[in-house]
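Asks: quick one, structure for this:
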Amino acid sequence: VVFPQSTLTPIARTITRPVLSGFAVLDERRHVEITIQPSTMAFAKRFTYMTDNFLENLDWNNVLVAGGIVLGTLLAVKNPGAPDAFNYITDQWESSDIDIYLYGLSAAQATIKAQSIYNTFKANLLDGTPSFVVKNSKTITFYTRHPLRRVQTILKLGKTPKDILLNFDLDVCAVGWDGNTVWMLPRTACALETGYNVFTMSLIRGHYLTNRRATQPQR
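Replies: Residues are numbered from 1 along each chain as shown. So this is what the prediction gives:
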């Protein structure tokens, strides 16, 4: 069990955060209790809504969506007291990109996969909706009309989903969705449970930069 002290209802899993000893600094926005999605089915339904249905019918093989949009989906639980069925806590995730990571592929295979992702994105747009693509050495980004989200394919390839999540510097963001399962690192679960991220010098120095630079010619 990831959160043994949590309580589960059909609407949400509620995590009550422990009271920790010591001095609290910049703690005003740390909630003593949070709610997350109660099931994979609830997560998948909410993910489709939050991603504007852009990934409907995507071939999820070798694909992991990770980072803020997945965290936002996990936390965007329906408010049971709200009259509107779509009254979710989503405002803070409005500007989040849909970050797609590829793993277990060669550079050539990843190119084909990126084209497949774009085809899926394009197929899910309404007829007549414009789209365009911007590529740089780090990402391929698919755009459509504002305020719909950008879909961003990260060009740094990982061997496994674990490698992708280990590359995240902020604990709470090391969470991913592979179309069937929500994956997170132990430090991510700890951040959700306690309300704290652990600060290390990697946040400044960027432990991930070496591998990124090493693969830049391929990208």
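Asks: I'd like the next helix or strand past the longest helix anywhere in the chain.
Replies: Taking DSSP state H as the criterion, the chain has its longest helix at helix 107-123. Counting by DSSP states H and E, the next helix or strand C-terminal to helix 107-123 is strand 132-135.
Asks: helices and strands around that next one, which ones?
Replies: Secondary-structure packing of strand 132-135 (3 or more CB pairs under 8 Å, 6 or more residues apart in numbering; DSSP states H and E): strand 139-143. (Each C-beta comes from the backbone N, C-alpha and C, glycine too.)
Asks: which neighbouring elements make contact with the strand it packs on?
Replies: Here strand 139-143 touches helix 107-123, strand 132-135, strand 151-158, going by 3+ CB pairs under 8 Å, 6+ apart.
Asks: run the chain-centre distance for the longest helix of the chain.
Replies: Centroid displacement of helix 107-123 relative to its chain, using CA atoms, centre = their mean, to the nearest Å, is 19 Å.
Asks: before we move on, what about stretch 186-196?
Replies: Worked out by CA atoms, centre = their mean, stretch 186-196 lies 15 Å from the chain centre.
Asks: returning to what we had before: I'd like to know which of the helices and strands packed on strand 139-143 lies nearest to Asp97.
Replies: Evaluated over these, closeness to Asp97 peaks at strand 151-158, with 4.7 Å, by CB to CB.
Asks: quick one: low-confidence parts of the chain?
Replies: 1, 79-91, 202-219 (pLDDT under 70).
Asks: show me where it has its strands.
Replies: Here the chain has its strands, by DSSP state E, at 7-8, 13-16, 33-36, 63-66, 98-103, 132-135, 139-143, 151-158, 175-177, 182-184.
Asks: any chance of the ones you listed in TSV, with distance to Phe199 too?
Replies: TSV is the format used below for the strands of the chain (distance: least, CB to CB, whole Å):
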stretch	distance to Phe199
strand 7-8	30
strand 13-16	22
strand 33-36	20
strand 63-66	21
strand 98-103	22
strand 132-135	33
strand 139-143	26
strand 151-158	23
strand 175-177	19
strand 182-184	19
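Asks: could you identify which of these is most buried?
Replies: Per residue and on average, the most neighbours among those fall to strand 175-177, with a mean of 25 (mean count of other CB atoms under 10 Å).
Asks: what is that strand packed up against?
Replies: strand 63-66, helix 68-75, helix 161-166, strand 182-184.
Asks: can you redo these as CSV with distance to Ser95?
Replies: Shown next, in CSV, are these (distance: least, CB to CB, whole Å):
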stretch, distance to Ser95
strand 63-66, 16
helix 68-75, 9
helix 161-166, 22
strand 182-184, 22
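Asks: tell me which of these lies nearest to Asn124.
Replies: strand 63-66 (14.5 Å).
Asks: parallel or antiparallel, list what pairs with the closest one.
Replies: With DSSP bridges as the test, strand 63-66 is paired with strand 98-103 (antiparallel), strand 175-177 (antiparallel).
Asks: turn these into TSV, including distance to Leu74.
Replies: Formatted as TSV, the strands paired with strand 63-66 follow (distance: least, CB to CB, whole Å):
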stretch	distance to Leu74
strand 98-103	15
strand 175-177	7
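Asks: can you say which of those is nearest to Thr73?
Replies: strand 175-177 (7.4 Å).
Asks: how far out from the middle of the chain is the closest one?
Replies: 5 Å.
Asks: ok, stretch 172-185 next?
Replies: Its chain's C-alpha centre and that of stretch 172-185 lie 7 Å apart, by CA atoms, centre = their mean.
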